[in-house]
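Novice: Quick one, fold the following:
(chains A, B and C)
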Amino acid sequence: MTAQGFLLLLELVGVFAFALDGALVAMRSTHLDLFGVVTLGIVTAVGGGIARDVLLGELPPATFRTWYYLATATAGALAAFWGQRLLVRVYRPILVFDTIGLSLFSVTGAQLAVDAGAGAGQAILLGGLTGVGGGTLRDVLVRKVPSILTGGLYAVPALLGACVAVAGPLLGVESGVAAFAGGVVCAGLRTGGVLRGWQAPRAPRPAPGELDG
Amino acid sequence: MTAQGFLLLLELVGVFAFALDGALVAMRSTHLDLFGVVTLGIVTAVGGGIARDVLLGELPPATFRTWYYLATATAGALAAFWGQRLLVRVYRPILVFDTIGLSLFSVTGAQLAVDAGAGAGQAILLGGLTGVGGGTLRDVLVRKVPSILTGGLYAVPALLGACVAVAGPLLGVESGVAAFAGGVVCAGLRTGGVLRGWQAPRAPRPAPGELDG
Amino acid sequence: MTAQGFLLLLELVGVFAFALDGALVAMRSTHLDLFGVVTLGIVTAVGGGIARDVLLGELPPATFRTWYYLATATAGALAAFWGQRLLVRVYRPILVFDTIGLSLFSVTGAQLAVDAGAGAGQAILLGGLTGVGGGTLRDVLVRKVPSILTGGLYAVPALLGACVAVAGPLLGVESGVAAFAGGVVCAGLRTGGVLRGWQAPRAPRPAPGELDG
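Specialist: Below you'll find the predicted structure:
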């Protein structure tokens, strides 16, 4: 399998995981019909990659150039819709699938940005955006406060994972190895953040009326 | 009138209908001033087409290349603002104008995507996005749950209408006829969905805590 | 200093002001951690400019081409996070920083659009979008009704300021002078709108059920 084929495979696994996750969150948040669940699964799975491609000027986005992404996302959302009872047996399914998607998308998004000619800093940001973009869009549509803003680490693991995936090849590490290491860093930090309650420092709440505007 | 001129005319009728619809929904949802109503009318009317053009890489979007679209959208929103009392006499005005805009935008959006070189599958998706995009953006801004997620069929009629408009010419049907047929399919399904309460299968609600994440 | 260097400087001052403003609003709206505050500060500061560059087809957006913007936005958000107690001594800090950002972005956004080849009407709209886009995106993420929709003038000062900045050079006025005049117009109208309660005409509220849809 070529390096590019492997990157595509990783992306599709990420798409499937995020579509499952998006559909599960959607079913928890609002009482939706089949099409609503599929729509939110697809939005979660392809939203981040589309945002990355728009900002890179790589248009039409990869998601629209082949049928792989949309078919995989639809399959993931339908699996969640019909397999909900089975998925419950997975340990905390939303956390598991979300972490898989976040890790895969952050590192593949960053490497795709490098391939498209972006500088290292931009590639890291675009990798992070690929990871968190779809879920943020879904949260806005179901009127949840987006995960990037709430407790537990979410954007930081994505950015650090992307950083490892981008820095590796610059330091002579083979890009597949760097991607794997980046994914492990992201998944580890994210899981640790949720399970152990790692928190970033919080803003002191202003007294009422203190910051009128 | 050339085929292209006819497509533009249909688009402008859709813009007017969506601006009316957007402004009426806006006035119902929050107590807005004149500029808020016009802003939401314009967002509803041009949001879907802008999203389509961004994803096609046709930049700047058609909406910004001529003054027709914005002038028509502003006129539609002002008509809603000042003509509210008269519009009430129309039978369920929001449903009527929304259905007109949805049908026209889905078929014209799909045909514009084909003209811009998109494949059939992509054109159908982009047609559907043209139809539902502006209203979804408006709903996010006024903090309503978007129509694409709630009961009654919304995205499905748009996608099926776009499908007819794209498939027709591939099967040798004249494109104006295919567009008309697509519009009728979309409007019929949408109206039936609302009036007869056609529903897609619903997701079983998970028991509390079942899908913790 | 060249005209272009001066434009960049103005933009960075606007970025800093908007990041401060965005972070302050974020800390008032929800109880966020450090990363949430920085994320919202950056979104507020660079969201409008990114939307402008996407619509102009100037990709990747200026924000991603150099590190200046993101570094300045991060500095502004951190200043708000740690300097909250000091900022309270400023008179109505959110209003002050928001007005500075709005005025600077509307005029620089409009002039950048002209430089990128946009017509006068488009440049005015894109200037307004540069001014209001980031704050609107932040409001959607923290689930506030966006300022462009609520009482007091917000989008109108931005559009009028952009109008002055675009019209000036067409009438032979030096572009720096036109930008300054546009900024004063925008800041004056915005401040007057808030302090004196200037209001646009409001939509009459429809009777319940009158516009069913």
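
Novice: Next, the residue most central in space within chain A: phi, psi?
Specialist: Nearest to the mean C-alpha position of chain A, by Cα atoms, centre = their mean, lies A:Gly131 at 2.9 Å. Dihedral pair for A:Gly131: phi -70, psi -50, per degrees, to the nearest 10.

Novice: My guess is it contacts A:Asp98. True?
Specialist: No. Counting by Cβ atoms under 8 Å, A:Gly131 stays clear of A:Asp98, with 10.0 Å between them. Every C-beta, even on glycine, is put in place using the N, C-alpha and C of the backbone.

Novice: Distance of A:Gly109 relative to A:Leu102?
Specialist: From A:Gly109 across to A:Leu102, the span is 10 Å (Cβ to Cβ, to the nearest Å).

Novice: same question, A:Phe6
Specialist: A:Phe6 sits 19 Å away from A:Leu102, going by Cβ to Cβ.

Novice: Quick check, A:Val38 in contact with A:Thr74.
Specialist: Yes. If you go by Cβ under 8 Å, A:Val38 and A:Thr74 touch, sitting 6.1 Å apart.

Novice: the more surrounded of these two?
Specialist: Between A:Val38 and A:Thr74, counting by other Cβ atoms under 10 Å in any protein chain shown, A:Val38 is the more crowded of the two (25 against 17).

Novice: For that one, give me its contacts.
Specialist: By Cβ atoms under 8 Å, 6 or more residues apart in numbering or on different chains, the residues touching A:Val38 are A:Ala23, A:Thr74, A:Ala77, A:Leu78, A:Phe81.

Novice: Now for the closest residue to the third one other than its chain neighbours, how many residues are close by?
Specialist: In other words, A:Ala77. Once flanking residues are discounted, A:Ala77 sits nearest to A:Gly41: 2.7 Å by Cβ to Cβ, 6 or more residues apart in numbering or on different chains. The local packing of A:Gly41 (other Cβ under 10 Å) involves 33 other residues.

Novice: Other residues contacting stretch A:119-129?
Specialist: Stretch A:119-129 is contacted from outside by A:48, A:51-52, A:55-56, A:105-111, A:113-114, A:118, A:155, A:158-159, A:161-163, A:165-167, A:170, C:60, C:64-65, C:67, C:70, using Cβ under 8 Å, 6+ apart.

Novice: re the thing from before, tell me the secondary structure for the residue nearest to A:Ala77?
Specialist: Secondary structure assignment for A:Gly41 (DSSP: H, G, I helix; E, B strand; the rest coil): helix.

Novice: From A:Leu20, how far off is it?
Specialist: Per Cβ to Cβ, A:Gly41 is found 7 Å from A:Leu20.

Novice: any shared contact partners between these two?
Specialist: A:Gly76, A:Ala77, A:Ala80.

Novice: The closest residue to chain B within chain A is in what secondary structure piece?
Specialist: Nearest residue of chain A to chain B (Cβ to the nearest Cβ) works out as A:Ile94 at 2.4 Å. Secondary structure from DSSP states H and E places A:Ile94 in helix A:93-115.

Novice: Check which helices and strands that helix sits against.
Specialist: Packing partners of helix A:93-115 (3 or more Cβ pairs under 8 Å, 6 or more residues apart in numbering or on different chains; DSSP states H and E): helix A:3-29, helix A:34-56, helix A:120-141, helix A:155-170, helix A:175-195.

Novice: Now do the buried residues in the third one.
Specialist: Yep, that's helix A:120-141 we're talking about. Neighbour-count burial for helix A:120-141 flags A:120, A:122-141 (criterion: 16 or more other Cβ atoms under 10 Å in any protein chain shown).

Novice: give me the low-pLDDT residue ranges for chain A?
Specialist: By pLDDT under 70, the low-scoring segments of chain A are A:1, A:88-91, A:151-152, A:203-213.

Novice: need the residues of it near chain B, please.
Specialist: With Cβ under 8 Å from any Cβ of the partner chain as the criterion, chain A meets chain B at residues A:21, A:24-28, A:30-37, A:39-40, A:50, A:54, A:57, A:59-61, A:64-65, A:67, A:70, A:81, A:84, A:87-88, A:92-95, A:98, A:140-143.

Novice: Could you export the shared contacts of A:Gly41 and A:Leu20 as a markdown table, including secondary structure?
Specialist: Shown next, in a markdown table, are the shared contacts of A:Gly41 and A:Leu20 (three-state DSSP):
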| residue | secondary structure |
| --- | --- |
| A:Gly76 | helix |
| A:Ala77 | helix |
| A:Ala80 | helix |
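
Novice: With neighbour count added, can I get these in TSV?
Specialist: What follows is the shared contacts of A:Gly41 and A:Leu20, written out as TSV (neighbours: other Cβ atoms under 10 Å in any protein chain shown):
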residue	neighbour count
A:Gly76	28
A:Ala77	30
A:Ala80	28
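
Novice: now, among those, which is nearest to B:Ala187?
Specialist: Set against B:Ala187, the nearest of the shared contacts of A:Gly41 and A:Leu20 by Cβ to Cβ is A:Ala77 (27.2 Å).
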